[in-house]
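**Student:** Have a look at this prediction, sequence included:
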Amino acid sequence: MRIVEAGHKADVTIRLIGGVAIGLHAQETIPASLARSYGDVDLVTGPKAAKQTIALMVDLEYESNERFNAVNGHERLVFYDLQHARQVDVFVGEFRMCHRLPIAERLHISSSTAPLAELLLTKLQIARVNQKDVKDIYTLLLEHEVGGGDDEVINAEYIAKLLSADWGLWRTSTGTLAQASAQLDAIGLQPEHRTIIATRIEQLRSVIDASPKSLKWRSRARVGERVRWYDEPEEVGHRIAGET
């Protein structure tokens, strides 16, 4: 939040995404079985804000990965908090990991994080989800209703719109939802919490299924899984204090 607030003061639009953002949106106490640690910090900024963001982060005493940022700064920036051994990733203009998400288009909706729909999409688009990702999905779905708006609601219509235009994103996201549904009984949640999450998964899937698919979606669907439909994201390692 220190970074986000500094952005407000410097007129730099920067918002939290990832697990930290999801944790901030939890309106009630997160069940113990969904609690997890937060190491690194992920943020997103506008498509033309790379230089301003670098200046902001350096002013806040984060170390810039100058080589990576010089090559990739048009879409992603990496910084280090050496004192606390934390890495900060800032996505510029769009979120690009296994899939591309136009995440910077709606940053005005919230003053601190990307909208709930985008937060969920950043987890659904992961081709190989881990336990932390599944916990984040459960936390979002437990704490927030699935609906047609963005006021503390997961905007299912917006999610469906993006998925209906991109078969690859649809295939990964619906597959992740299926995995989350299949693992629900093993996470140690109370029965009423499992019911809420399962119901909201079905609500979201119903909206996705009902959304008309684009010509591009239908063309790619005919190819199916014969061609890989997702990217392998580049991992940028931590900088250890004292490393040269």
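**Tutor:** Thanks, I have it.
**Student:** following the helix or strand that contains K135, which helix or strand shows up next?
**Tutor:** Here K135, judged by DSSP states H and E, is contained in helix 131-143. Next in sequence after helix 131-143, counting helices and strands by DSSP H and E, comes strand 146-147.
**Student:** Which elements pack onto that next one?
**Tutor:** Packing partners of strand 146-147 (3 or more CB pairs under 8 Å, 6 or more residues apart in numbering; DSSP states H and E): strand 154-155, helix 191-210. Any C-beta I mention is one placed from the backbone N, CA and C, and that applies to glycine too.
**Student:** Give the other helices and strands that the helix or strand following the last one contacts.
**Tutor:** Later in the chain than helix 191-210, the nearest helix or strand by DSSP H and E is helix 215-223. On a contact count with 3+ CB pairs under 8 Å, 6+ apart, helix 215-223 meets helix 167-182.
**Student:** how many degrees apart are the helix it packs on and helix 215-223 in direction?
**Tutor:** Here the directions of helix 167-182 and helix 215-223 differ by 70 degrees (axes from the mean of the first three to the mean of the last three CA atoms, to 10 degrees).
**Student:** residues making contact with helix 167-182?
**Tutor:** Contacts with helix 167-182, where a contact means CB atoms under 8 Å, 6 or more residues apart in numbering, come from 98-99, 101, 121, 123-127, 129, 134, 137-138, 159, 162-164, 197-198, 201, 204-205, 208, 213, 216-218, 220-221, 225, 229-230.
**Student:** just to revisit the earlier point, now mean pLDDT and distance to H8 too, for the helices and strands packed on strand 146-147, in a markdown table please.
**Tutor:** Below are those laid out as a markdown table (pLDDT from 0 to 100; distance: least, CB to CB, whole Å):
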| stretch | mean pLDDT | distance to H8 |
| --- | --- | --- |
| strand 154-155 | 98 | 24 |
| helix 191-210 | 98 | 32 |
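**Student:** quick one: the worst-scoring helix or strand of the chain on mean pLDDT to chain centroid distance?
**Tutor:** Least confident element among the helices and strands of the chain, by mean pLDDT, DSSP states H and E: helix 18-25 (a mean of 92). Relative to its chain's centre, helix 18-25 lies at 9 Å (CA atoms, centre = their mean, to the nearest Å).
**Student:** which other helices and strands contact it?
**Tutor:** Helices and strands touching helix 18-25, as assessed by 3+ CB pairs under 8 Å, 6+ apart, comprise strand 41-45, helix 116-124, helix 131-143.
**Student:** at 10 Å instead, please
**Tutor:** Contacts defined by 3 or more CB pairs under 10 Å, 6 or more residues apart in numbering; DSSP states H and E place helix 18-25 against strand 14-17, strand 41-45, helix 116-124, helix 131-143.
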